[in-house]
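1. coordinates only, sequence not included:
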């Protein structure tokens, strides 16, 4: 399934293969399983959503950085499209989605950023700043591509609960054609930029970045569960 | 005239007032006077246009950096709009405009970047990287705002030649309502970001950046004249 | 006591005053109290030491960034001295100190960076990159200055255990004249750079950065306690 | 001669070979020939020296950036040593050397930065910021390594004037063992970092950066000649 999305011989495929345990922990995290069977505590999801709002802001900043770091018009266009999509479309969708879960935008802006959110977002931005466009895209890929891998995996799993699963719309969003097209474009962009920036000789260094980013993404899921455990939704 | 565009007590107004000679040299440069009376050698304009194509790429990169450096959603949105406008609209308009002057895009991509273009673009990007969003916007302002000041000044000057002036469309573009609205938004953004980042206490440092950027913009005009003098259009 | 180190009307004094609860939580953290009375589990300290080795590397990178971001020779010299001190002296001292606790350098280089270490170090680097030198120094100050405040507070507290306290040398290091001179220089540098970069009008924005950095520093202490709780020293 | 300094199969050797005309123009520039036979106008040299003072400041900033961008302790140490050498030693030597030519430090700090100096320094810093450590070191190498190639070439050329050549001490400095050891270390560092960051697959992109930096270095020589032509020493 995910093979189609992430060809084995693509850079993304090789990066996943370089840290199989961390990748499996991330895409199969208890939070994800809770989305699949609908058992995830609403408090965990709400906490996650509020942090994801803050995450989106830094995600847009990362794509702004990608515009700056691009060396070809094609890469500039892809990054510009990503920034626009986040700022002009996704933030609005996210705010509306969160409203359905009882979170309003002013409240989310006032939430303290969780250290797990700080760790992941600043790791990505800093890896991208210290390195080149390829380092930046690699650090972003567990998010960009990973959400599609997860979405598709849940959507295609017969065990995923369809009836009265409050998280079904989340699953549908990340397994929809529109999102999966973005994922394929990201996988292709990684290969294209890799070719300009040293090719497969870069894999050892990139794999270290990818592994850390993947572990920090698992931390982002775990953050939701921990908050629910502490009895804390979005403050 | 330009008072309306750039209020005296705005940050932009104060920056212009801090280097009156350099600002006057820039907005009243021989290149500009040649646009006004149509006497600018076509070779100077063509060389300028080809370098301006390369400039636009770095200009878009600078606005990508501004997305990254923004601290409010309002500033992110303004910077995102600027990136999109350049990449999705202005580059295309510029390419079509250049075609009318006999320059095709492939040729412009193959042109060597002139040291005057390197100096200005990298100065802006580096000032913005080393400093904060306010430093970046300040370094950009002689371009963003200056072109509007020049456009409006030429358009409102009865001495400007209207008949058979090959540069009339250039003048109309930078004095049009659409561009002047952008200028006013830039002036307002400078004031808004200044308020977040130290206010008028920043003026001495910003004035040094602004003055250097203004001198380098004059160098960009001069580059066109020099190329024509050397008998060189876009190679 | 700490008043002398951090004058109330210095920028540092104002930043501490802007988040009194977070600052008190940090300088009076259970980890710190465990250093004072010698009750801190050795496993907590060892885990902390190994992460502190990784921290030092990013700390040196932050001062390298400060060299780049400096606008005066005086600030460049101060940052250069800090980089040299860390790379040429402190890393060696730290390695020797850790050896006394049974940690060798190769082992520390192989340790996974804890998310709490990632969060703090990348937050500092990224705040410094996105902002200016003043943002960078502000993000560094809970560490630079805070360790002196803690060291001096423990050293001057009669309740601090002197006999057979395995952490006495740590306390002596951070309360020694050499370190406190560095702290005073940092406090003075913050005021000096603030004057160049907007002065007290910058305080609201800086206070947000300072508060986040302080909370993440508390997280760094907590990381040690949590590791000991999990029965984990430096792997 | 320079072969020993720059082995043909080193990255540096390949970069020089990728733009033989631009490299030859730089190392054999009229300014350099004027140093060799002592015919360079003193005004050209003085203007060059004053700009070189400003250059050194940005050169130190570039090495500060290299500390930040380093991924290994070995590279951090090399960059730290370079920053320290410039800030703690070379700036002082330069100031004393300039004093012999009638330039005092305050005067040099007040000199306007020449566009040729802006273009080269900001190009290097910006290429290093947008790219990775390898891009940064590549952009620096025409300076770091080039001065050694030039120094050694002049020192070993029997035609170089030894008697009453006011530039002999300049030639001796850049052909001395101390400087040539630095050059050899730089050549080795380029190869080492290349190995970490993609190896020879990076050459096409690096060659474009190297070529631009080399041309801008020639522009730095030309700046001195032009200033003398305009009858301008350091104001």
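-> Yep, that arrived. It should be emphasised that the depicted structure is a prediction, and the values quoted were computed from it without experimental measurement.

2. and residue A:203, backbone torsions?
-> With angles defined as degrees, to the nearest 10, residue A:203 shows backbone torsions of phi -50, psi -40.

3. Same question for residue A:165.
-> Dihedral pair for residue A:165: phi -90, psi 110, per degrees, to the nearest 10.

4. Repeat that for residue A:147.
-> Geometry field for residue A:147 lists phi and psi as phi -60, psi -30, criterion degrees, to the nearest 10.

5. likewise residue A:113?
-> Listed backbone geometry of residue A:113 is phi -70, psi 130, with angles given as degrees, to the nearest 10.

6. Return the residue spatially closest to it, with its sequence-adjacent residues excluded.
-> residue A:54 (5.1 Å; Cβ to Cβ, 6 or more residues apart in numbering or on different chains). In short, each C-beta sits where N, CA and C put it, glycine included.

7. Go ahead and confirm that neighbour touches residue A:105.
-> No: checked against Cβ atoms under 8 Å, the pair residue A:54 and residue A:105 is beyond contact range at 11.6 Å.

8. Point out the residues in chain A that sit beside chain B.
-> Taking Cβ under 8 Å from any Cβ of the partner chain as the test, the list of chain A residues beside chain B reads A:57, A:60-68, A:70, A:73, A:76-77, A:79-80, A:83-84, A:87-88, A:91, A:125.

9. tell me which parts of chain A are close to chain C?
-> With Cβ under 8 Å from any Cβ as the criterion, chain A meets chain C at residues A:61, A:113, A:115-116, A:118-119, A:122-123, A:125-126, A:129-130, A:212, A:215-216, A:219.

10. Recalculate using a threshold of 6 Å.
-> Residues of chain A that fall close to chain C, judged by Cβ under 6 Å from any Cβ of the partner chain: A:115, A:118, A:119, A:122, A:123, A:125, A:126, A:129, A:219.

11. The fifth one: neighbour count?
-> When counting by other Cβ atoms under 10 Å in any protein chain shown, one arrives at 25 neighbours for residue A:123.

12. any idea how far it is from residue C:119?
-> In this structure, residue A:123 lies at 8 Å from residue C:119, with Cβ to Cβ, to the nearest Å as the measure.

13. and if you look at the third one?
-> When Cβ to Cβ is the yardstick, residue A:119 and residue C:119 sit 4 Å from each other.

14. Check the fourth one too.
-> Here residue A:122 is placed at a distance of 7 Å from residue C:119 (Cβ to Cβ).

15. Quick one: residues contacting residue A:101.
-> By Cβ atoms under 6 Å, 6 or more residues apart in numbering or on different chains, residue A:101 lies in contact with A:46, A:49.

16. If we use 8 Å, what do you get?
-> For residue A:101, the residues meeting the contact criterion (Cβ atoms under 8 Å, 6 or more residues apart in numbering or on different chains) are A:42, A:45, A:46, A:49.

17. Helix, strand, or coil at the third one?
-> Three-state call for residue A:46 (DSSP: H, G, I helix; E, B strand; the rest coil): helix.

18. how close does it get to chain C?
-> Distance of residue A:46 to chain C, given as Cβ to the nearest Cβ, to the nearest Å: 22 Å.

19. circling back: keep only those of the residues of chain A next to chain B that are in helices.
-> When DSSP state H defines the helices, the subset of the residues of chain A next to chain B inside them is A:57, A:60-68, A:73, A:76-77, A:79-80, A:83-84, A:91, A:125.

20. Any regions of chain A where pLDDT drops low?
-> Across chain A, residues meeting the criterion (pLDDT under 70) sit at A:1-3, A:232-235.

21. Assign a three-state SS to residue A:93, would you?
-> helix.

22. Would you mind measuring from it to residue B:75?
-> When distances are taken as Cβ to Cβ, residue A:93 and residue B:75 turn out to be 21 Å apart.

23. higher neighbour count, these two?
-> Just comparing residue A:93 and residue B:75: by other Cβ under 10 Å the higher neighbour count belongs to residue B:75, 19 against 11.

24. show me where chain A has helices.
-> A:2-5, A:11-18, A:20-27, A:30-37, A:42-69, A:73-84, A:91-100, A:105-110, A:115-130, A:133-156, A:168-175, A:177-196, A:203-229.

25. Can you give me the buried ones in the fifth one?
-> If I follow you right, that is helix A:42-69. A:43-69 (16 or more other Cβ atoms under 10 Å in any protein chain shown).

26. Please apply the same query to the last one.
-> If you call a residue buried by 16+ other Cβ under 10 Å, then helix A:203-229 has these buried ones: A:203, A:205-207, A:209-225, A:227-228.

27. angle of it against helix C:115-130?
-> Orientation check (axes from the mean of the first three to the mean of the last three Cα atoms, to 10 degrees): helix A:203-229 against helix C:115-130 gives 110 degrees.

28. Nearest to chain D: which residue in chain A?
-> residue A:198 (1.9 Å; Cβ to the nearest Cβ).

29. Now that residue. Nearest residue, chain neighbours left out?
-> Spatially, and ignoring its direct neighbours in sequence, residue A:198 is nearest to residue D:198 (1.9 Å; Cβ to Cβ, 6+ apart).

30. Verify the contact between that neighbour and residue A:197 for me.
-> Yes: at 6.3 Å, residue D:198 and residue A:197 qualify as touching, with contact defined as Cβ under 8 Å.

31. now residue A:104: how far from chain C?
-> Note on residue A:104: its distance to chain C, by Cβ to the nearest Cβ, is 22 Å.

32. Tell me who's in contact with that residue.
-> residue A:98.

33. same check, this time on residue A:74
-> Applying Cβ under 8 Å, 6+ apart, one finds that residue A:74 lies in contact with residue A:192.

34. Residue A:200: how many residues sit nearby?
-> By other Cβ under 10 Å, 14 other residues sit near residue A:200.

35. Revised request: answer the last question for residue A:100.
-> Other residues within reach of residue A:100 by the criterion other Cβ under 10 Å amount to 10.

36. what about it, distance to residue C:226?
-> The separation that residue A:100 has from residue C:226, given Cβ to Cβ, amounts to 35 Å.

37. again, but for residue A:166
-> 32 Å.
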